[in-house]
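S.K.: this one's structure only:
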């Protein structure tokens, strides 16, 4: 078998695998949709406002609720909680952009 | 047309055999290339899936959250506001929310304590998020010690553990009845942490928020759309920062590729000389070099993207967990809903394959312009 | 028929290391004949070969191909005569691939690939069907009885076998002109005579052969039609042997 | 706003394209000055070797340019969520003054890049570099355009500040609106339909005549170019009405979105491809006389005309299909 044929089959196999993954993403995750639905209802019921991603500081746990200064309220020389502090920038509408 | 395809296939044949002849160099190049694509792909997939997840889940968030600010810091909202806000035209229900943070010195984790007004856990009982259950290793029926504001630990029996699947939003929650919470934090009776205002007509929300801000200058209304937009920029800005950091990695990879492409061994130079002498012309050798680059790029791009997809959506980015977890003791375990579209692949292509291809054009050309009669003279 | 008019080729013109390899050469190569360029090394034989073989372009002067159609040139069938002096490299290479077969002093075989692939190599850019090229290559290997080494690596061949593989490679594109630069330099007398028999078979097939050599077996062979003596880039004497 | 991955990708692409065009342009200028085909001098051989590098660089640069046009529009569409009031790419592009000029420049460089590739393809077929001078003259025009477009694109993305209130495509392409968007949308639908189908028919007729008799190349090229402009106008004025089934929604970008089945991509690829091929035929016409081009140019033009016809037919079929099966019916005139 020619090398180019082998390579074409390898690439084709990869492409098909990727296409399957993409299709799985769109259609296969039916039950994931249901789970999202359940979570959305729970959020509505408990009236939550933020995702629980970074729990080590107030402004990283509830970024949309935290006020401007909360990043420095842990203690006077509070350094940012790297890296989550760098993942969670204070939301733009808090930064008083024009 | 067939002649065109046959020419490309034959030259691809030779390109592959010349790649395999210098296995060491090319395998190392392919591995580094796949790693770069994997890293950037994982970043792009992760941020995009997380943003969509946030957008889907947080639709249930309150339409407007009203906070009271004192000297720039959030303060408790007097319950008296409820009546006045409810009177504003277009406002549906106004429900006070009572919640706060609790630092558990034993495990070093932070929990969010909340008194929901829905299906209230009875006095002395608590519903906990599965993250809390995992950190404190408690199950339903066990007892959960929480130290009140005066230092006295009070025990709460775990009534229910919130579903594992909703961990992205409820992982660190501890739900108590209102009285227990007020007792724990010594919340004064007539106050709440903030107010959740529902406004049926979405177009009205902005005007209602403006009215609230006018009526209560020290208050701060936060719209639902602003909450959602927070998560749009959460990773974009920083996601971009990560991509810039990875840009440095791509740049060094491009230098690596440039060096590999220019550093032709004497053997390769002799080989191209022979090709030119037996009948190949510069265009054919350029095509040969193009197919060598394309073969490596194609293989690396596809493998990198597939690995990233599997890592982010089947192992929920466990590789990134230490980086994302940061200082937190409690980190939610969640499975992201895959959401990859051709647009992201196009962005990935532009960030990885294009720089590589451009970097190897000039070295390939320099390699290809060996004189045909050079082989005769050597 | 290949005609050279007042052709000069100098390297690094204008610089201090300027070196003129070929000086005002006028020569015509008759079709179907065996012409030998004779002269000591450094007399410009090899450079003249590269000029005739469309490998390099002359600094000045004109080279004209004529006779029955120019193979490898688009629409070349009906063209009686074509000046190739200032053709772009893409077209020179087209003509070189279709019209000329090269045999080198050091054989110039690629070590990393099999003998069969070496023979097929010059035909890759033509876009011919792969099966076609493979069949013709196998045939050539059997003609020069090196077929048993078809899938072997090149570095395990003996001198004579490598020479025959190089000849097979030169014939893969069915060229009408064979150009050989010092073909017998690394061969003993028996193999050199063997080579001259092969050259004889070329002539009987109607191919034009051009050899640059100072090996007496080649120069004084009875098959030679024209001997061109060269020294310091000039042609001293060009006569056809009786 | 430049740190969004997609924006970074666009900036990287325009940086690389700019760099390559500069490099190629510098050598192009040198070639234009020192090129003499006859001499076998070392400098001439060096320049000829250099032409390989330049055409490779420019081919890659212009393919990048063509891809980045689509990525640009898609990114604008993807970012519309960031700006209150922007419902689709039209709104995002309107956030600051650079959005639409960059889009226009990208379309112009897209067409010129396509033409350059056609001329370059023809030149490599001629045995005496026949089109080398026009090719690099066109490059000297195209190069600065690409650089300016790259700079403006940077200014556009740098100037993007989220949640700036911007006007939505409805008001931007609305009929009352002055400005190019408004005028195109305001073209009366009835005559535009006539002009569109007339243009298509004329192009196909000239194309077939050219393929049969080999005459009328300029006529065909003129017909296909005008039909290209008419088609762009008619997308705004009536085609998108049928796709959206709304009498007021004139936005040319929303048809790229998912809910309309990405039909926008098929339309734009077919239209732009056909446009470039049609113009290519016209650009090649003056060179038919050259000796080395006598055989090459007609064959190439033959294929280009075929491409234009196929692509334009595809465009017309998709549009007619949408018009027939859309529940939206155009009344006597455009509803106010």
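M.R.: Cool, the structure landed. For clarity, every value in this text was computed on a predicted model and none was experimentally measured.

S.K.: Which positions in stretch B:41-51 come out as buried?
M.R.: B:41-51 (16 or more other Cβ atoms under 10 Å in any protein chain shown). C-beta coordinates here come from the backbone N, C-alpha and C atoms, glycine included.

S.K.: Relative to chain A, which residue of chain C is the closest?
M.R.: residue C:130 (6.6 Å; Cβ to the nearest Cβ).

S.K.: list the contacts for that residue?
M.R.: A:2, B:6, B:9-10, B:13 (Cβ atoms under 8 Å, 6 or more residues apart in numbering or on different chains).

S.K.: repeat that for 7 Å
M.R.: A:2, B:6, B:9-10 (Cβ atoms under 7 Å, 6 or more residues apart in numbering or on different chains).

S.K.: if I look at it, how far off is residue A:2?
M.R.: In this view, residue C:130 and residue A:2 are 7 Å apart by Cβ to Cβ, to the nearest Å.

S.K.: now swap in residue D:247 and tell me
M.R.: 59 Å.

S.K.: Likewise for residue B:159?
M.R.: 68 Å.

S.K.: Can you list the buried residues in stretch D:95-108?
M.R.: Quick answer for stretch D:95-108 (16+ other Cβ under 10 Å): D:95-96, D:98-103, D:105-107.

S.K.: Pick the one among the residues you listed closest to residue B:83.
M.R.: residue D:95 (41.0 Å; Cβ to Cβ).

S.K.: pretty sure that closest one contacts residue D:85?
M.R.: No. Look at residue D:95 against residue D:85 with Cβ atoms under 7 Å: they stay out of range, at 9.5 Å.

S.K.: Please identify which helix or strand holds the residue in the stretch 1-150 of chain B that chain D sits nearest to.
M.R.: In the stretch 1-150 of chain B, the residue that lies nearest chain D is residue B:44 (5.5 Å; Cβ to the nearest Cβ). Per DSSP states H and E, residue B:44 falls inside helix B:23-57.

S.K.: Now the element after that helix, going C-ward?
M.R.: strand B:64-70.

S.K.: can you map out the helices along the stretch 101-250 of chain D?
M.R.: D:132-158, D:169-172, D:180-186, D:189-213, D:217-234, D:240-244 (DSSP state H, counting those that start in this stretch).

S.K.: sorry, that was for the stretch 151-300 of chain B
M.R.: Secondary structure of the stretch 151-300 of chain B (DSSP H, counting those that start in this stretch): helices at B:167-170, B:178-185, B:202-215, B:224-262, B:266-278, B:282-314.

S.K.: Can you report how many residues neighbour the closest residue to residue C:41 other than its chain neighbours?
M.R.: Leaving out its chain neighbours, the residue that sits closest to residue C:41 by Cβ to Cβ, 6 or more residues apart in numbering or on different chains is residue C:214, at 7.5 Å. Residues within reach of residue C:214, counting by other Cβ atoms under 10 Å in any protein chain shown, total 16.

S.K.: ditto for residue C:52
M.R.: Neighbours of residue C:52 (other Cβ under 10 Å): 24.

S.K.: which residues touch it?
M.R.: Residue C:52 neighbours (Cβ under 7 Å, 6+ apart): C:2, C:29, C:179, C:210.

S.K.: Residue B:253 too?
M.R.: With Cβ under 7 Å, 6+ apart, residue B:253 has these contacts: B:32-33, B:36.

S.K.: So which bits of stretch C:20-36 are buried?
M.R.: So for stretch C:20-36, counting by 16+ other Cβ under 10 Å, buried means C:20-23, C:25, C:27, C:29, C:32-36.

S.K.: In strands, which of those appear?
M.R.: C:20-23, C:25, C:27, C:29, C:34-36 (DSSP state E).

S.K.: right, and the pair among these with maximum separation?
M.R.: Of all pairs in these, the most separated under Cβ to Cβ is C:20 and C:34 at 28.1 Å.

S.K.: in chain C, which spans are strands?
M.R.: Under DSSP E, chain C gives strands at C:2-11, C:19-29, C:34-38, C:60-66, C:81-83, C:100-103, C:177-181, C:208-212, C:226-231, C:234-240.

S.K.: Go ahead and confirm residue C:151 touches residue C:113.
M.R.: No. Residue C:151 lies out of contact with residue C:113 (Cβ under 7 Å); the separation is 10.4 Å.

S.K.: Give me the buried positions along the longest strand along chain B.
M.R.: Identified as the longest strand of chain B according to DSSP E is strand B:91-104. Residues B:91, B:94-99, B:104 are the ones in strand B:91-104 that count as buried (16+ other Cβ under 10 Å).

S.K.: what does stretch C:160-175 give?
M.R.: So for stretch C:160-175, counting by 16+ other Cβ under 10 Å, buried means C:160-173, C:175.

S.K.: which of these come close to chain A?
M.R.: Among the buried residues of stretch C:160-175, no residue sits close to chain A (Cβ under 7 Å from any Cβ of the partner chain).

S.K.: Just flag the most distant two among the residues you listed.
M.R.: C:160 and C:173, at 23.3 Å, using Cβ to Cβ across these.

S.K.: Centre-most residue in chain C?
M.R.: residue C:179 (1.7 Å; Cα atoms, centre = their mean).

S.K.: residues in contact with that one?
M.R.: Residue C:179 neighbours (Cβ under 7 Å, 6+ apart): C:49, C:52-53, C:100, C:102, C:210.

S.K.: Same check on residue D:277?
M.R.: D:304, D:307-308, D:311.

S.K.: With residue B:257 instead?
M.R.: Contacts of residue B:257 were listed using Cβ under 7 Å, 6+ apart, and they are B:29, B:356, B:359-360.

S.K.: Helices - which of these land there?
M.R.: B:29, B:356, B:359 (DSSP state H).

S.K.: wait, the last one sits on residue B:258?
M.R.: Yes. Under the contact definition of Cβ under 7 Å, residue B:359 touches residue B:258, with a separation of 4.7 Å.

S.K.: neighbour-wise, which of those two wins?
M.R.: residue B:359 (22 against 16).

S.K.: Show me what from the stretch 1-150 of chain D comes close to chain C.
M.R.: Applying Cβ under 7 Å from any Cβ, one finds that the stretch 1-150 of chain D approaches chain C through D:37-38, D:40-42, D:45, D:48, D:124, D:127, D:129.

S.K.: For PyMOL, write a command that selects the buried ones of the residues you listed.
M.R.: PyMOL command restricting those to the buried ones, with burial defined by 16+ other Cβ under 10 Å:
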select buried, chain D and resi 40+41+45+48+124+127+129
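
S.K.: got the residues of chain C near chain B?
M.R.: Counting by Cβ under 7 Å from any Cβ, the residues of chain C that sit close to chain B are C:46, C:49-50, C:55-56, C:89-90, C:93, C:96-97, C:102, C:104, C:108, C:110, C:112-113, C:121-122, C:124-125, C:127-130, C:169, C:173, C:181.

S.K.: Sort out which of those residues are buried, if you could.
M.R.: So, of the residues of chain C next to chain B, C:46, C:49-50, C:55-56, C:89-90, C:93, C:96-97, C:102, C:104, C:108, C:110, C:112-113, C:121-122, C:124-125, C:127-128, C:130, C:169, C:173, C:181 end up buried under the neighbour-count rule (16+ other Cβ under 10 Å).
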